[in-house]
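1. sequence first, then the predicted structure, then my questions.
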Amino acid sequence: MSTPVLATPAADVGHADKGGPTLGQRLTSFMPLIALVALLAALSIADPDFLTQRSLTAVVRTSAPLVVLAVGATLVVLCGGIDLSIAALTSLSTVFFALWLPDLGGLTTLAVIAATACIGAVQGLTHVLLRIPSFIVTLGGMSIFSAVALVISDAGPVRITDRAATEWLTLYVGGYVPMAFVVAVIVVAAIALVLRLTPIQSWITATGYSEPAARLAGTPVDLVKVAAFTVSGACAGLASVMLVSRNFSGSPTMADNLLLPAVAAIVVGGTAITGGHGSVWRSLVGALVITLLRVGLPIVGVPSAWEQILYGAIIVAAVALTLDRSKVLIIK
Amino acid sequence: MTLTSPAEHVDTVVARPQPRRGVSFRDAGPPIALVVIFLAFSVLSDDFRTFTNVQNIMDTAAVLAVVTCGITFVLMMGSIDLSAPGLMGASAIAVALLVANNRNGNDLGLLGVLVAVAIAAALGCLSGLALVLLKVPSFMTTLGVSAVGLGLATLMFNGVQPNITDKMLASWAVERFLGFSYLTWIAVACILVGWLVQRYSRLGRYAYAIGGAEEVLSLSGIRVKPYKVAVFTMAGAFYGLAGVMVTSQLSAGLVQAGRGFDFQAITAAVVGGTLLTGGRGGVLHSTVGVLLVTVVINGLVQIGVSPYWQGGVQGLIVVVAVAAAVLPQRRRNQVVK
């Protein structure tokens, strides 16, 4: 009785240690792009009008806030943590933007981004200094930000009368590409460039793959983590400006439903939730896939209630595919 | 058989007075805090120290207590569960459509309640299965399953709010026995069941052990996976019942019935002394935590703080409580994800 029982976990551990074959891994790493192309093809077959300049412009324009949110949070995930507060922080900063605009005018965008970066840094410091798991810090943060947003906005939308401050985001580059999407891509490129040209890339990867080893090797692990949370916060601020430019108001719950799509975008892009493996470009592709799904479901004739179910299934499936099983023997 | 009984024997016989005393001091913290906070608010506010308000507090705490009962077992294993909003939404809509209501001719009564609880338990089982079979971390599986539950609820909701006309279910929130509503007594029964499971059943014992040292447990020849799935299923059943209770309070099925309950329950459990790393805490600890959180929020409203701050106060409480719990081990745990 006891022998087979003992043998089962041992065999299990051995199997998990080997990891997947290289061919499978290579295929999985291209999966986001394959999914993007397949989705585009499927949608153009379902609706021939889909592959026009107008609807594609609309898709990338809708995707811009999601891209920015997902890219910021990707850095935290690469370090091995998670940021669950991004959506609530974005909602809060839409309220900030609407309230500060009359006083600060053109500087509001920068002020909001600076404020959210500070809030992100505070979360990072709380995580690092008090040694609280990141998902608890950000879950607590999520709750606190929603409360603050409700209180300062009196639980209602705050309208924006001066639209000049966000007008630049509604422009089109070359007449076709929405400015918001261009800004999002520039953010991705800038983060990717900074990571590549400085040692930060290897610091983040080291922290994500094996924190104790990174610490022993002299990597400034704590600093890297705080920086990741700061960038994640700043990205939430930028995403909120994009949302405001579209909705002409700030609201304490405006971005709350972006959390699940953002997490889905990160994991669909192929960034491992266990940290280390992944990139910001992957999250850009992931965000486009999620946006296409969101836009595409009604085209195919699926009721929007299925959207939630799909997100749930996608998150679990994508995490299962990209998880680095060699690292965590016990999954909590 | 022969392997397990000596282990249990050792567990009960070895009584170490030294650590026990430390634990009992730690356990006494939350109840003392509860009494102190209760007395403080009683001094500050006239409205707070009325029997009606105590009834209010108990009625408010009832749903949260049931949710926390379920989440406590998951936390004891060292896992996390964010699926309460989805599961509660699904069961709330399901029960509203199954008992006498304004949408269809169903009138299943108690059977409808059971079916709703079973639906939530099945969804809980799903997150457990995804955890042990796909090896996806529990906070991700439960986040996904919560979305699935909300989607199912939206599908069943179908644009028209189901209002319940069932006498039995409606009476739960209104009728009182010994001064407290039936919902409060249901919560008390749930806590009792939870405590019995935790104290006397193999499921509860193993949930502790999994949180304490899962490796040791599986090396000792215990199949951990079925117990993990069972714990998530049981947690799902508790959330399902909580969803039914919310439907009884509102006399209508709402998709958002469980909004925020995942976070509130984690807050309550942590405040009560359940460690997020697992292996410590329990249903009774969490009950004290539930009362503590409810009393703080009720008291703040009574002394004139805007109810919008509710979430913010909870956020602060949970961060402070977790920080206080990990402070003694700060030097030991260098790696925190």
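-> Looks like it came in fine.

2. against residue A:222, how distant is residue A:307?
-> Computed with C-beta to C-beta, to the nearest Å, the distance linking residue A:307 and residue A:222 is 39 Å. Placement of C-beta: from N, CA and C, glycine included.

3. and what of residue A:142?
-> Between residue A:142 and residue A:222 the distance, using C-beta to C-beta, works out to 23 Å.

4. just want to know which of those two has more residues nearby.
-> residue A:142 (24 against 15; other C-beta atoms under 10 Å in any protein chain shown).

5. for the most centrally placed residue in chain A, give me the pLDDT.
-> Compute the mean C-alpha point of chain A, and by C-alpha atoms, centre = their mean the closest residue is residue A:70, 1.7 Å away. Model confidence at residue A:70, given as pLDDT, is 95.

6. wait, a helix at it?
-> Yes - Residue A:70 sits within a helix when classified using DSSP: H, G, I helix; E, B strand; the rest coil.

7. shouldn't it be in contact with residue A:262?
-> Yes - checked against C-beta atoms under 8 Å, the pair residue A:70 and residue A:262 is within contact range at 4.7 Å.

8. residues shared between the contacts of the two?
-> Residues within reach of residue A:70 and of residue A:262 at once, by C-beta atoms under 8 Å, 6 or more residues apart in numbering or on different chains, are residue A:287.

9. tell me the spacing between whichever residue of the stretch 201-337 of chain B sits closest to chain A and residue B:306.
-> Ranking the residues of the stretch 201-337 of chain B by distance to chain A (C-beta to the nearest C-beta) places residue B:312 first, at 3.0 Å. If you measure residue B:312 against residue B:306 using C-beta to C-beta, the figure is 10 Å.

10. ok so residue B:161 is a strand residue?
-> No - note on residue B:161: no strand contains this position according to three-state DSSP, which reports coil.

11. in chain A, which spans are helices?
-> For chain A, helices defined by DSSP state H occupy the ranges A:2-18, A:22-46, A:53-78, A:86-104, A:108-130, A:134-153, A:164-167, A:179-197, A:200-209, A:211-216, A:221-247, A:259-269, A:280-300, A:305-322.

12. leaving out the residues flanking it, which one is nearest to residue A:49?
-> Spatial nearest neighbour of residue A:49, chain neighbours left out: residue A:55 (7.0 Å); criterion: C-beta to C-beta, 6 or more residues apart in numbering or on different chains.

13. surely that neighbour is in contact with residue A:43?
-> No - Residue A:55 sits out of contact with residue A:43 when judged by C-beta under 8 Å, with a separation of 9.2 Å.

14. so which of these two has more stuff around it?
-> Between residue A:55 and residue A:43, counted using other C-beta under 10 Å, residue A:43 has the larger neighbour count: 21 against 15.

15. that one against residue A:299, yeah?
-> Yes - taking contact to mean C-beta under 8 Å, the distance of 6.0 Å between residue A:43 and residue A:299 places them in contact.

16. packing partners of whatever helix or strand residue B:90 lives in?
-> Residue B:90 is part of helix B:84-98, with elements assigned from DSSP states H and E. Contact analysis of helix B:84-98 by 3 or more C-beta pairs under 8 Å, 6 or more residues apart in numbering or on different chains; DSSP states H and E lists helix B:51-76, helix B:110-133, helix B:138-157, helix B:224-250, helix B:261-272 as its packing neighbours.

17. near chain A, anything from the third one?
-> Yes - against chain A, helix B:138-157 shows contacts by C-beta under 8 Å from any C-beta of the partner chain at B:138-141, B:143-148, B:150-152, B:154-155, B:157.

18. quick check: buried residues in that helix?
-> B:138-157 (16 or more other C-beta atoms under 10 Å in any protein chain shown).

19. now do the very next helix or strand once past that helix and helix B:84-98, the angle between them.
-> Helices and strands here follow DSSP H and E; after helix B:138-157, the next one along the chain is helix B:167-174. In this structure, helix B:167-174 runs at an angle of 140 degrees to helix B:84-98, with axes from the mean of the first three to the mean of the last three C-alpha atoms, to 10 degrees as the basis.

20. in helix B:167-174, which residues are buried?
-> Going through helix B:167-174 with 16+ other C-beta under 10 Å, the ones that come out buried are B:168-170, B:172-173.

21. so what sits against both of residue A:43 and residue A:299?
-> Common neighbours of residue A:43 and residue A:299 (C-beta under 8 Å, 6+ apart) are residue A:50.
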